[in-house]
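Enquirer: Everything below, folded, please.
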Amino acid sequence: MMQSTDASETEIDLRDAGDGEDDEGQQTWKTQLETVLEEEEEEDVISTQSNTRPLINERDPRQINECLKVRFEDVIAEPVSVRSGDRVWIWSHALFEVSRVWFYRIITALLAVPVSLIAGILLAILSFVHIWFFTPCVQVVLINTGWLQTLWSSILDIILLPFFQSVAKCCRGINVVLSRE
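Expert: Purely as a prediction, here's the structure:
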């Protein structure tokens, strides 16, 4: 919804009247465009304050549990040579789906909150240990072993590099010729 901001549409009333509202309930010191924009912002704030709306629609946005999309046909299959009755097949299909859904809902209702609480506490502890213990320890080791890196690179440059360069010069004259006999 686009409105123009011409000076002809902008109406500012600078009267010294009571509380600053006119008969329509609008504040007279604000332009009509500002009032409309504020109403849109209020609606926008309400829709963006809740983070649960996207979570309800898309609960596995990264497809982490793609392997759990199990259907009846993925679990139970009868070959053509051996078949149960149609009613048995229909009822077993219905019971499979209903029991899978309802047992999942019951187990989730009982255990989802405690398991998520435990997982959150565990991840918080792991984050704390990583940030406050492991990273400083690794930095201390790296700072205190900088001399080892210098020593190792010196050994490579002084001893091993000349050795392998001389071996390469010795083997440079070797030619291999393949022939068919």
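Enquirer: tell me what the helix ranked longest in the chain is packed against?
Expert: If you go by DSSP state H, the chain has its longest helix at helix 86-129. Contact here means 3 or more CB pairs under 8 Å, 6 or more residues apart in numbering; DSSP states H and E; on that basis helix 86-129 packs against helix 72-75. All C-beta spots, glycine's among them, are computed from the backbone N, C-alpha and C.
Enquirer: could you give the mean pLDDT of the helix it packs on?
Expert: Averaging pLDDT along helix 72-75 yields 81.
Enquirer: now for it, which elements pack on it?
Expert: Secondary-structure packing of helix 72-75 (3+ CB pairs under 8 Å, 6+ apart): helix 86-129.
Enquirer: Tell me which helix or strand comes right after the helix it packs on.
Expert: Downstream of helix 86-129, the first helix or strand assigned by DSSP states H and E is helix 135-144.
Enquirer: circling back: can you state the direction angle for the longest helix of the chain and helix 135-144?
Expert: Here helix 86-129 runs at an angle of 50 degrees relative to helix 135-144 (axes from the mean of the first three to the mean of the last three CA atoms, to 10 degrees).
Enquirer: For the remainder of this discussion, apply numbering that starts at 852.
Expert: OK, 852 is where the count begins now, so the last one is helix 937-980.
Enquirer: From residue 981, how far out is residue 987?
Expert: From residue 987 over to residue 981 the distance is 10 Å, taken as CB to CB, to the nearest Å.
Enquirer: Repeat that for residue 910.
Expert: From residue 910 across to residue 981, the span is 28 Å (CB to CB).
Enquirer: what does residue 992 give?
Expert: 15 Å.
Enquirer: Return the residues in contact with residue 929.
Expert: 935, 940 (CB atoms under 8 Å, 6 or more residues apart in numbering).
Enquirer: is it fair to say it lies in a strand?
Expert: No. Residue 929 is assigned coil when assessed by DSSP: H, G, I helix; E, B strand; the rest coil, not a strand.
Enquirer: Now the longest helix of the chain: average pLDDT?
Expert: Averaging pLDDT along helix 937-980 gives 93.
Enquirer: and what of stretch 997-1008?
Expert: Rounded mean pLDDT across stretch 997-1008 is 92.
Enquirer: what about residue 947, neighbour count?
Expert: Look at residue 947: counted by other CB atoms under 10 Å, it has 15 neighbours.
Enquirer: no no, residue 968
Expert: Neighbour number of residue 968 under other CB under 10 Å is 10.
Enquirer: Report the separation between the residue nearest to residue 943 when sequence neighbours are not counted and residue 984.
Expert: Nearest residue to residue 943 in three dimensions, chain neighbours excluded: residue 927, at 7.0 Å (CB to CB, 6 or more residues apart in numbering). As defined by CB to CB, residue 927 lies at a distance of 50 Å from residue 984.
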